[in-house]
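**Student:** here is a sequence together with a model predicted from it:
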Amino acid sequence: MQPARKPIRRRAGPLLLKRASAVLALVAFAAGAAETVDVAIEGYKFMPAEVTIRVGDSVRWSNREKRTSHSVLFPAESGLESERLFPDESWQRQFTRAGRYDYTCGPHPEMKGVVIVGE
Ligand SMILES: [Cu+2]
């Protein structure tokens, strides 16, 4: 014997919201809207130490220390390095190819971070 089925009631609100956000995402994608993701440098750490972005997006590193300077160094790319970032300075880089980009800080090699760029 089957249990009595309750009538299915659909709620249009959340579904419409989902559709609207899907459409917005499509529009943003079609327009090639690139994003800039922030990474803070504080306490001798990159925060967050790992970010995942898409091709065309940028990452902006900002030094939030009180008095220590840092840099952003990509050893695998012939030592591509930002200028030295003093407190409250920032530097950004756009990523135009998918891949994994490990980086460190020139003067403090114990500091590590990674940018993962997806298609
Ligand atoms: Cu450093």
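**Tutor:** All right, it came through fine.
**Student:** show me the strands in the protein, by range?
**Tutor:** 36-42, 45-47, 50-54, 58-63, 73-74, 80-81, 90-94, 99-104, 112-118 (DSSP state E).
**Student:** just put those strands in TSV and tack on mean neighbour count and mean pLDDT.
**Tutor:** (C-beta placed from N, C-alpha, C; glycine too.) Compiled in TSV, the strands of the chain are given as follows (neighbours: other CB atoms under 10 Å; pLDDT from 0 to 100):
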stretch	mean neighbour count	mean pLDDT
strand 36-42	17	98
strand 45-47	18	98
strand 50-54	15	98
strand 58-63	19	98
strand 73-74	18	98
strand 80-81	15	98
strand 90-94	15	98
strand 99-104	17	98
strand 112-118	17	98
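**Student:** and of those strands, who's closest to the ion?
**Tutor:** strand 36-42 (6.9 Å; CB to the ion).
**Student:** would you list the strands that that closest one pairs with, along with their directions?
**Tutor:** strand 45-47 (antiparallel), strand 58-63 (parallel) (DSSP bridges).
**Student:** right, is stretch 33-40 up against the ion?
**Tutor:** No: contact of stretch 33-40 with the ion (CB under 5 Å from the ion) is absent, the minimum separation being 12.5 Å.
**Student:** what about that stretch, distance to the chain center?
**Tutor:** How far stretch 33-40 lies from its chain's middle: 5 Å, per CA atoms, centre = their mean, to the nearest Å.
**Student:** what's next to that stretch, contact-wise?
**Tutor:** Applying CB atoms under 8 Å, 6 or more residues apart in numbering, the contact partners of stretch 33-40 are 46-48, 51, 53-54, 56-62, 64, 92, 94, 113.
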